[in-house]
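J.: Pasting a predicted model and its sequence here:
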Amino acid sequence: MKKGAIAAFSLFETLRFPVAGLALIFFLDGPPQPASAQTAKSDDPAQSRAWAPAAIEQAQKMRKFKDADRGSQLTPGIIPRFEADDDPSGRMATFQPGGPTFTPLNAFFQNLGTNGRTCFSCHQPQEGWTVSSAGVSARFEASGGTDPIFRLIDGATCPSDNVKTLADKREAYKLLIAKGLIRIGLPIPMPMPPAPPLQFEVTKVDDPYHCTTLTSPTAGMLSMYRRPLPSTNLGFLSTIMFDGREPSLQSQAIDATLTHAQGDPNHPLTVEQQDQIVAFEKGIFTTQDFDNAAHNLHARNAMGGPVALAAELSKFFIGINDPIDPKFRKGEPFDPNIFDLYKPWQNLRGEDGKTQYRLSVARGEEVFNTTNINITGVAGLNDDLNMPSIAGFCGTCHDTPNVGNHSVKAPLNIGIADAGAKSPPALDISGLPVFTLKCTQGPLAGQIFVVTDPGRALISGQCKDIGRVKGPILRGLAARAPYFHNGSAATLFDAVNFYDQRFSIGFTDQQKEDLVNFLKTL
């Protein structure tokens, strides 16, 4: 196959579907059972789930590639009310205000699929209830690649990968091991009225894993590779999934079981199982609690740690501190001072290493809050507001107080997914597929985008959404490297350097160090 050609690769020769057939999908085990028929609650009835049948169908068909490994996974019998686990910077802690969770009694920890996985497989407490590349690598070495996270469906670069030997497995699971990336298969959307029509076509695919399947420039399945989002602190969510494709946490639980765990569609999650998963996810709060250099993060009147974060939930509402629209923030003024966790450390006195590091953390919080940023070229801000330049701050995009995500649905494109000539120099996108999209209609008709991930556009079908993804919650960062949705920033220093270069901020070396030290304490 010539690199970049539009074609259905050999793996999927028997799995192709015509454009007109997307609505007529059949699973291997019978007709589809869409999540809407599985009594999933919807927090956002306006969110289209047109992507789901084809994505679930593909995952079900990939059951033809059998996992020879059936390795087990150790699961604790209880998640205590307060649990602290070592991470590279100190200790990550999880707090449950409602009391401990007995794992045998909660569906989050139960095997509800066919490949041995549970939600716990990709959501580990010591890694901020997601996974880190270091953690995945250690699990690979300890299990010889048999741990349930190593499954062909999405742990491998493609389900057809050869995994006969340990070396084969290491190659097949290299994106998961090196960057903590899971494969996501989504169809090119076919919007139905009253939704606007598809505005782009895929004109070229450079997929080193031959796992993208196109029958035409406007039909087929794309394979992207994304970081699993943390399954904690979810009471602060304004958007579910990087591309915002899920209308509720209940539907997300259903779809994750049918895809990642390859659950049997004839035996869907019960409402009780959905509610158990969601109750656990919304009932846990996770942050860094101890830093190797700063030590106790709630000492000397500081407000680090998950107990303080849990107290923030009573103040939160969708739209709090939104920088754009006063009606969302209920008339309150926008405050760029997003974090005030370490304000009490600003005037500490002492020459010892611990005190000096705490002063650095406090300075880093101020860098985050007060640095002026000239925001340009951000799809979702500059274009939507028709403002080529916006005088902003870190908090313009990370506005939820002491949490750091956007408090309303606001998928943005800051260039993380850019590839080709526009590849961000501070980020590593090597090993990721590259898609060339041409806008065929709408306001951006004629423009060409070269990206590693079309982002929200694969849900909406709109050119303006190409490359747009949400910004995740900024708590528990130290435990979950690498960063950004595609794992392109190996460290927090890499992430800071990206922002510094992308927006020509001009951070000094001291400011970068202070900012990273602060981010590690979140």
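T.: Great, that's in hand. Residues are numbered from 1 along each chain as shown.

J.: per-residue confidence for Cys119?
T.: Per-residue confidence (pLDDT) for Cys119: 97.

J.: Touching, it and Phe109? I think so.
T.: Yes - counting by C-beta atoms under 8 Å, Phe109 is a contact partner of Cys119 at 7.0 Å. Where C-beta positions appear, they are placed from N, C-alpha and C, glycine not excepted.

J.: three-state assignment of Glu201?
T.: Following DSSP: H, G, I helix; E, B strand; the rest coil, we place Glu201 in the strand state.

J.: Which residue, neighbours along the chain excluded, lies closest to it?
T.: Ranked by C-beta to C-beta, 6 or more residues apart in numbering and with sequence neighbours excluded, the top spatial neighbour of Glu201 is Pro217, at 3.7 Å.

J.: Hmm, that neighbour is touching Val202, no?
T.: Yes - if you go by C-beta under 8 Å, Pro217 and Val202 touch, sitting 5.3 Å apart.

J.: what about the protein, any weak spots by pLDDT?
T.: Low-confidence segments of the chain (pLDDT under 70): 1-46.

J.: go again using 50 as the cut-off
T.: For the chain, the stretches with pLDDT under 50 are 1-38.

J.: Going along the chain, name the helices of it.
T.: 52-61, 133-143, 166-172, 174-179, 249-259, 271-282, 306-312, 353-370, 457-460, 492-502, 509-520 (DSSP state H).

J.: Mind putting these into TSV with mean neighbour count and distance to Leu341?
T.: As requested, those are exported to TSV (neighbours: other C-beta atoms under 10 Å; distance: least, C-beta to C-beta, whole Å):
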stretch	mean neighbour count	distance to Leu341
helix 52-61	22	38
helix 133-143	18	25
helix 166-172	16	40
helix 174-179	22	29
helix 249-259	25	27
helix 271-282	19	22
helix 306-312	20	7
helix 353-370	20	7
helix 457-460	25	34
helix 492-502	19	16
helix 509-520	20	9
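
J.: closest one to Pro424 among these?
T.: helix 492-502 (5.9 Å; C-beta to C-beta).

J.: what is the orientation angle of the closest one with helix 353-370?
T.: Orientation check (axes from the mean of the first three to the mean of the last three C-alpha atoms, to 10 degrees): helix 492-502 against helix 353-370 gives 30 degrees.

J.: I'd like the numbering to begin with 671 instead of 1 from here.
T.: Renumbered: residue one is now 671, and that last one reads helix 1162-1172.

J.: Just the C-alpha atoms of helix 1162-1172, please, in PDB.
T.: Extracted C-alpha coordinates of helix 1162-1172, given in PDB (Å, rounded to 0.1, in the frame of the first residue of the first chain):
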ATOM      1  CA  LEU A1162       5.500  19.200  32.500                       C
ATOM      2  CA  PHE A1163       8.600  21.100  31.400                       C
ATOM      3  CA  ASP A1164       7.800  20.100  27.800                       C
ATOM      4  CA  ALA A1165       4.200  21.300  28.300                       C
ATOM      5  CA  VAL A1166       5.300  24.700  29.700                       C
ATOM      6  CA  ASN A1167       7.900  25.100  26.900                       C
ATOM      7  CA  PHE A1168       5.100  24.400  24.300                       C
ATOM      8  CA  TYR A1169       2.900  27.200  25.700                       C
ATOM      9  CA  ASP A1170       5.900  29.500  26.000                       C
ATOM     10  CA  GLN A1171       6.800  29.000  22.300                       C
ATOM     11  CA  ARG A1172       3.200  28.800  21.000                       C
END
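
J.: separation between the spatially most central residue of the chain and Gly1141?
T.: For the chain, the residue nearest the mean C-alpha position is Leu899 (3.8 Å; C-alpha atoms, centre = their mean). With distances taken as C-beta to C-beta, to the nearest Å, Leu899 is found 11 Å from Gly1141.

J.: Repeat that for Phe752.
T.: 28 Å.

J.: out of those two, which sits in the more crowded spot?
T.: Gly1141 (20 against 14; other C-beta atoms under 10 Å).

J.: Quick check: that one touching Val1078?
T.: No - between Gly1141 and Val1078 there is no contact under C-beta under 8 Å: 11.7 Å.

J.: Quick one: the strands in the stretch 721-870 of the chain, in order.
T.: 748-749, 752-757, 760-765, 771-772, 852-857, 870-876 (DSSP state E, counting those that start in this stretch).

J.: from those, which stretch is densest packed?
T.: strand 760-765 (a mean of 24; mean count of other C-beta atoms under 10 Å).

J.: what distance separates stretch 884-899 from the centre of its chain?
T.: For stretch 884-899, the distance from its own C-alpha centre to the chain's C-alpha centre is 16 Å (C-alpha atoms, centre = their mean, to the nearest Å).

J.: Could you tell me the end-to-end distance of that stretch?
T.: With C-alpha to C-alpha, to the nearest Å as the measure, stretch 884-899 spans 27 Å from end to end.

J.: how long is stretch 836-847 end to end?
T.: 13 Å.

J.: which outside residues touch it?
T.: Under the criterion C-beta atoms under 8 Å, 6 or more residues apart in numbering, residues 803, 806-807, 810, 814-815, 819-820, 822, 825-827, 831-833, 851-853, 895, 1101, 1157 lie in contact with stretch 836-847.

J.: Thanks again, I'm all set now.
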